[in-house]
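K.L.:
Just a sequence and a predicted model for now, questions to come.
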Amino acid sequence: MTFLDKLLNISKKNNSLVCVGLDTDIEKIPKFLLKENDPIFSFNKTIIDATSDLVCAYKPNAAFYESSGAKGWEALKKTCEHIPEEIPIIIDAKRGDIGNTSRMYAKSIFEDLKADAVTVSPYLGGDSISPFLAYEDKCAFILCLTSNKGAEDFQLQEIDNKPLYELVAEKIVQWNQKGNCGLVVGATYPDQLKRIREIVGKLPILIPGVGAQKGDVEKTVRFGTDNQGNLAIINSARGIIYASSEEDFADAAREKAESLRDSINLFRKK
């Protein structure tokens, strides 16, 4: 099964475009979990169990695990193993390096973690992306227009009267020879998101920025989905997983995930 098949199947089953970002910071999880042998995994497991019928994907951010060394990586592996097989796992690692190094990054993500997708940077060009695309049943989500203010430094700059993010989107369409490219586009730039969707057609778009960064849900859905109301993966991390720091944190996370799913579905084409 390809990544796209898996994504569309679970989106239909759960009636959801919600991706829960597992940006698990040990300093922010409920304090009572710190007595566990693996508090990061215990937190993630509980969040996953509470929300798995409401999502289309989970997105662990590698930095929050790598910062804890070997124990953090082990927590990440256990997290990936605990996510139900039918739900895509996107590792947010923003990898990007020359070909041989990228090949090792791809092996780590797709063979060791057995994830379904990874975020990558296009700055080094096509030979830095191709090792990820060699895994034809996986997906590389390529940074196109990110949600942070610093996107203005390069991504919104124009080259020959065309913004750089449009050039990147056009290049990603060219790279999509095996049907396993996606894009990362921030919800904080809705007008640009609309233009990018026009350029890329049926490619999946991972969209951060609707939670703590206050991206507009209606515009994100209307501009980010395809003509059937699919292929947008709308991520929220802090707004869901840290909804409560008390013993009710799983129930609070579920409530936030369900609310986001329902808000998104108000604006989806059916």
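P.N.:
That came through fine.

K.L.:
Surely G229 and K269 touch.
P.N.:
Yes. Contact criterion C-beta atoms under 8 Å: G229 and K269 qualify, at 3.7 Å. (Each C-beta comes from the backbone N, C-alpha and C, glycine too.)

K.L.:
ok, those two, which is more surrounded?
P.N.:
Neighbour count, other C-beta atoms under 10 Å: between G229 and K269, G229 has more, with 17 against 11.

K.L.:
before we move on, what SS does the more buried one have?
P.N.:
Put simply, G229 is coil when judged by DSSP: H, G, I helix; E, B strand; the rest coil.

K.L.:
Same question for D137.
P.N.:
coil.

K.L.:
Equivalent analysis for the one 4 residues further on, please.
P.N.:
Put simply, F141 is strand when judged by three-state DSSP.

K.L.:
residues in contact with stretch 143-152?
P.N.:
Residues outside stretch 143-152 that contact it (C-beta atoms under 8 Å, 6 or more residues apart in numbering): 94, 119-122, 155-156, 165, 168-169, 172, 183-189, 192-193, 196, 208-209, 213, 215.

K.L.:
Which of those are buried? Put it as a ChimeraX command.
P.N.:
Buried subset of the contacts of stretch 143-152, written as a ChimeraX selection, criterion 16 or more other C-beta atoms under 10 Å:
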select :94,119,120,121,122,155,165,168,169,172,183,184,185,186,187,188,189,192,193,196,208,209,213,215
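
K.L.:
Now go through the contacts of stretch 143-152 and say which are in strands.
P.N.:
Counted as lying in strands by DSSP state E, out of the contacts of stretch 143-152, are K94, T119, V120, L183, V184, V185.

K.L.:
just the helices in the stretch 151-270 of the chain please.
P.N.:
Counting by DSSP state H, counting those that start in this stretch, the stretch 151-270 of the chain has helices at residues 151-154, 164-175, 190-200, 217-224, 238-241, 249-265.

K.L.:
Packed most tightly, which of these would that be?
P.N.:
Greatest average neighbour count among the helices of the stretch 151-270 of the chain goes to helix 238-241 (a mean of 23), per mean count of other C-beta atoms under 10 Å.

K.L.:
residues in contact with K138?
P.N.:
Contact partners of K138, counting by C-beta under 8 Å, 6+ apart, are F3, F110, A115, D116, A117, V118, F132, N180.

K.L.:
That one - nearest residue in space that isn't next to it in sequence?
P.N.:
Spatially, and ignoring its direct neighbours in sequence, K138 is nearest to F110 (5.4 Å; C-beta to C-beta, 6 or more residues apart in numbering).

K.L.:
circling back: report the two members of the contacts of K138 separated by the largest distance.
P.N.:
Greatest spatial distance among the contacts of K138 (C-beta to C-beta): A115 and N180, at 13.2 Å.

K.L.:
ok, R222 touching F267?
P.N.:
Yes. The pair R222 / F267 is scored as a contact, 5.7 Å apart, by C-beta under 8 Å.

K.L.:
I'd assumed N44 was in contact with L22.
P.N.:
Yes. Under the criterion of C-beta under 8 Å, L22 makes contact with N44 at 5.5 Å.

K.L.:
Identify the contacts common to the two.
P.N.:
P60, T79.
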